[in-house]
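Asks: Got a predicted structure here, sequence first:
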Amino acid sequence: MLRLPSFSYLRPSTLAEALAMKRDAGPDGMYVAGGTDLYPNMKRRHQDPRTVIALSGIPSLGGVTPAENGTTVLGSSLTLTEIERHPRLRQHYAAVAGAAESVSTPLLRNMGTLGGNLCLDTRCNYYNQSHEWRKAIDFCMKKDGEICWVAPSSPRCWAVSSSDVAPVMVALGARYRVAGHDGERVVAAGDFYHDDGMAYLTKGPDEILTGVHLPAPNGWDATYWKLRRRGSFDFPVLGVAAWIEWDGTRVRNARIVLGGVASYPRPMDEAGAAIIDTTLDDDTIAAAAQAAFRPAKPMDNTDFGLAWRKEMTRHYVRGALEELRSRRQGL
């Protein structure tokens, strides 16, 4: 049985208290929300904070708040269950609710939070193992070692972004609100992530993701398709978030973002551009699927074979776009 190491547990009631506690704890302190990612990592000795600062007792980090300009603000401590069940989100942001619903199991969604899923640690077959297993083969560069076992000659870590909600946020053009000792800042969802398995967030270690601003639900639609071995529980080995802004039956703008194939939610700009100013006919959808297929380069660090996962990119992009077209035609 894997056991948690000893640590101090702090539970602030305000954002200012949380930031002050992290400043006092220094690099030995870490924030925790639902704990569904951090605590297993601590058991496997991936992360070993001496002080854990819980964000679940801060009321300002919760709630779904409609804004005057038609946008919607989500608190980062919302549980995934709250997101998937919220009437406003299910009606106007079905892709967000659906992505949250696809995460793991009901028990973990009851604990896991929006902020936790958006900041989810990158994953790898060589990293997400017990301390003794990793020690036996020699540690990887993501924790305690100097080599990436996925690509031994590479100077960087190739661990994969496995968040389900993050690709949807990037596709929607959502904005994240981040708080630190120097105040708050707002960053585009696409700028929040790095294509690096170790430095995968642009957020500083002392900063807190406090909320997400969703765009007004005017004239656009989105969906999320997830590939995994089992119909529940598993992390994605491929996620496809597709967003389309409509002008009647024509595509005014579009974004397609892949999850599970890189160390960040990867925008497929060429695929999105392929459907702009079209009526999304079969040939156009096929061209967009091919444009997403070409640059997709899944690594040998998650479930299933490389070639098959790459091929499924084509099928899942096509399926997502066909779904959006069908919904538009049904209006």
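Replies: Good, I have the coordinates.
Asks: which regions of the stretch 201-331 of the chain sit below the pLDDT cut-off?
Replies: Filtered on pLDDT under 70, the stretch 201-331 of the chain yields the residue ranges 331.
Asks: can you give me the strands for it?
Replies: Ranges of strands in the stretch 201-331 of the chain, per DSSP state E, counting those that start in this stretch, are 208-214, 220-227, 238-247, 250-259, 266-267.
Asks: Could you export those as TSV, including mean neighbour count and distance to F293?
Replies: Glycine gets a C-beta too; all of them are placed from N, C-alpha and C. Below are the strands of the stretch 201-331 of the chain laid out as TSV (neighbours: other Cβ atoms under 10 Å; distance: least, Cβ to Cβ, whole Å):
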stretch	mean neighbour count	distance to F293
strand 208-214	23	29
strand 220-227	22	14
strand 238-247	24	11
strand 250-259	23	10
strand 266-267	20	13
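Asks: which residues are contacting stretch 150-163?
Replies: By Cβ atoms under 8 Å, 6 or more residues apart in numbering, the surrounding residues in contact with stretch 150-163 are 117-118, 120, 122-124, 126-127, 140-142, 148, 193, 196-198, 200, 235-236, 259-265, 299-302.
Asks: List buried members of the residues you listed by neighbour count.
Replies: Neighbour counting by 16 or more other Cβ atoms under 10 Å classes 117-118, 120, 122-124, 126-127, 140-142, 148, 193, 196-198, 200, 235-236, 259-265, 299, 301-302 among the contacts of stretch 150-163 as buried.
Asks: Tell me which of those residues fall in helices.
Replies: Among the buried ones among the contacts of stretch 150-163, the members falling in helices (DSSP state H) are 117-118.
Asks: Packing partners of the helix or strand containing M169?
Replies: Using DSSP states H and E, M169 sits in helix 165-172. For helix 165-172, the packing partners by 3 or more Cβ pairs under 8 Å, 6 or more residues apart in numbering; DSSP states H and E come out as helix 94-101, helix 114-118, strand 220-227, strand 238-247, strand 250-259.
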